[in-house]
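Colleague: Could you look at this predicted model? Sequence included:
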Amino acid sequence: MFLRHHRRIRILFAFTDLLLTALAFFAAYETRVHLSLERNFYLAPEVRVLLLGWSVFVWIATSFAWETYDRLEIARPIIIVRDTLRQALTLVAAIVLLQYFLRLDLSRPFVALFGIYAWILSSFGRWNAPRLAALMRRGFAQPHYVLIVGLGESALRVATQLEGAAADGIRLSGFVADGSETGSMAEQELASRYPVYKLSEIPDLLKKDIIDEIIFAVDSRRLAEIEDIFLLCDEEGVRTRVAVDFFPHVNSRVYLDRLGDAPLLTFSATPHDELPLFVKRATDVVLSAAALIVFAPFLLLVGLLVRMTSPGPAIFTQVRCGLNGRRFVFYKFRSMCKDAESMRAGLEEHNEREIVFKIADDPRLTPVGKWIRKFSIDEWPQLWNVLKGDMSLVGPRPAVPEEVEQYKRWQRRRLRMRPGLTCLWAISGRDAIDFETWMKMDMQYIDQWSLGLDWRIILRTIPSVITGRGAH
């Protein structure tokens, strides 16, 4: 379906969640008030409004972050129940957190009942999500008639997608031969049969038939030749689209931007949506600043241990490549002996990786260094890099310039995302992963990036770091 149809359905699901969460809240409140328990329970109206607003925000935010709404129409009931239970537990944790910071006097039975009611009501609502979406399409969406110009492979691919979106009210009216196709045909057969018109018939079609929009799926060289058709559609107010899959940008997302009054068709092989990227950066700043404050005594203690157990500075600095190849100074606790860099040449024959230098039981590691590296404590000073903007909490690990110079062309795309403290490789085996797989995981992260993916990686990194699994 078109993106706007998809967004409309997601808004519908979010609105339904808002109503069900509010219903669960008031049901839990009334149930607790009427329970014959030792302690009477009452919340002031302003506290109820605050708590309800926070609960709705957490529920809908986690739904978007975990992309729950994108799967509702195809998910099995067991998946719906599982995902909704995870959200209910997250909601309870968020309420407990709010209670702790604001010193609210909440009843534990009320919080538990709220979580249970939210789970049950939302699970029921999501079971019926396909029916709800179908009802909206029938009741609020008039049929939307689309004409395709072109008969080639691209046109047929677009037509197949339109046929699949029939449930959203989209109707394929037919095809128009753009004049370059050899031969003549009266019909085009896909799942159904559609008439094929000539370019010269478009003015009459716009007069006598309902045409909401026209999609041009033709060879790029033909676009200038059919400029008159674009002008005709513009004069009559008919929306036009151009299928741009004739451009060889296999990893890119396509969108229209403007520089002043000049329209620019833009291809981006990395995330480009400014709002989610802003939220990602804001999260980096808040969490890194908080972590530096909380861990300050431990940072000082580790620094003293490094200095006391081996000669040399506590902090190791190195130039690394950041976003789009920008150079920055990278910080970490020194885990190796003072002359580690000069000893590397004599250990090259033991290197276990392509391009990146890595050996098991590296003799240059100090006793403390081996321990802090196993649990990734040596990476803590990079929180300062995150706060400064050199790095992010989640992203491809920053490489040294000498490694980047040896990258294959496709591997250089990992530089187009701000480097991070952790990424997919860190939760999938860490040092046990070979270099090629590591690079492919970075590409997978870039192609599938979302705020929800970042949080899943962060949450899965914590147990991996605590146990030291996969590090050597």
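Modeller: That came through, no problem. Bear in mind that the values here come from a model prediction, so they are computed numbers and not experimental data.
Colleague: any idea of the mean pLDDT in the helix or strand where residue 100 lies?
Modeller: Under the criterion of DSSP states H and E, residue 100 resides in helix 77-102. Mean per-residue pLDDT for helix 77-102: 86.
Colleague: same for that helix, what does it pack against?
Modeller: helix 45-65, helix 108-127 (3 or more CB pairs under 8 Å, 6 or more residues apart in numbering; DSSP states H and E). C-betas here are computed from N, CA, C, even on glycine.
Colleague: Residue 448: which of these is closest?
Modeller: Set against residue 448 and scored by CB to CB, the helices and strands packed on helix 77-102 come closest in helix 45-65, at 13.7 Å.
Colleague: so the closest one versus helix 108-127, what angle?
Modeller: Angle of helix 45-65 versus helix 108-127, following axes from the mean of the first three to the mean of the last three CA atoms, to 10 degrees, is 40 degrees.
Colleague: Helix 45-65 versus helix 77-102: what angle between them?
Modeller: Interaxial angle of helix 45-65 relative to helix 77-102 (the same axes, to 10 degrees): 140 degrees.
Colleague: how about the helices and strands packed on helix 77-102, which one is nearest residue 27?
Modeller: Across those, residue 27 has its closest neighbour in helix 108-127 (5.1 Å, CB to CB).
Colleague: tell me what the closest one is packed against?
Modeller: When contacts are defined as 3+ CB pairs under 8 Å, 6+ apart, helix 108-127 packs onto helix 3-34, helix 45-65, helix 77-102.
Colleague: Ok, which of those helices comes nearest residue 218?
Modeller: Nearest to residue 218, of all the helices and strands packed on helix 108-127, is helix 3-34, at 22.2 Å by CB to CB.
Colleague: if we can go back for a sec, right, and the helices and strands packed on helix 108-127 - which one's nearest residue 165?
Modeller: Smallest distance to residue 165 across those (CB to CB): 7.1 Å, for helix 3-34.
Colleague: quick one, what contacts residue 21?
Modeller: Contacts for residue 21 (CB atoms under 8 Å, 6 or more residues apart in numbering) come out as 55-56, 59-60, 118, 122.
Colleague: Check residue 210 too.
Modeller: Residue 210 sits next to 145, 173 when contact means CB under 8 Å, 6+ apart.
Colleague: picking up where we left off before, which of the helices and strands packed on helix 108-127 sits closest to residue 282?
Modeller: Residue 282 sits nearest to helix 45-65 of all the helices and strands packed on helix 108-127, at 13.8 Å, using CB to CB.
Colleague: ranges for the strands of the protein?
Modeller: Counting by DSSP state E, the chain has strands at residues 144-149, 170-177, 187-189, 193-198, 213-216, 239-242, 253-259, 262-268, 315-321, 327-333, 392-394, 420-422.
Colleague: Out of the ones you listed, which is the most enclosed?
Modeller: strand 392-394 (a mean of 25; mean count of other CB atoms under 10 Å).
Colleague: Output the below-cut-off pLDDT ranges for the stretch 51-200 of the chain.
Modeller: Applying pLDDT under 70 to the stretch 51-200 of the chain flags residues 71-75, 129-142, 167-168, 180-184.
Colleague: nearest spatial neighbour of residue 317, skipping sequence neighbours?
Modeller: Among residues not flanking residue 317 along the chain, residue 329 sits closest, at 5.4 Å (CB to CB, 6 or more residues apart in numbering).
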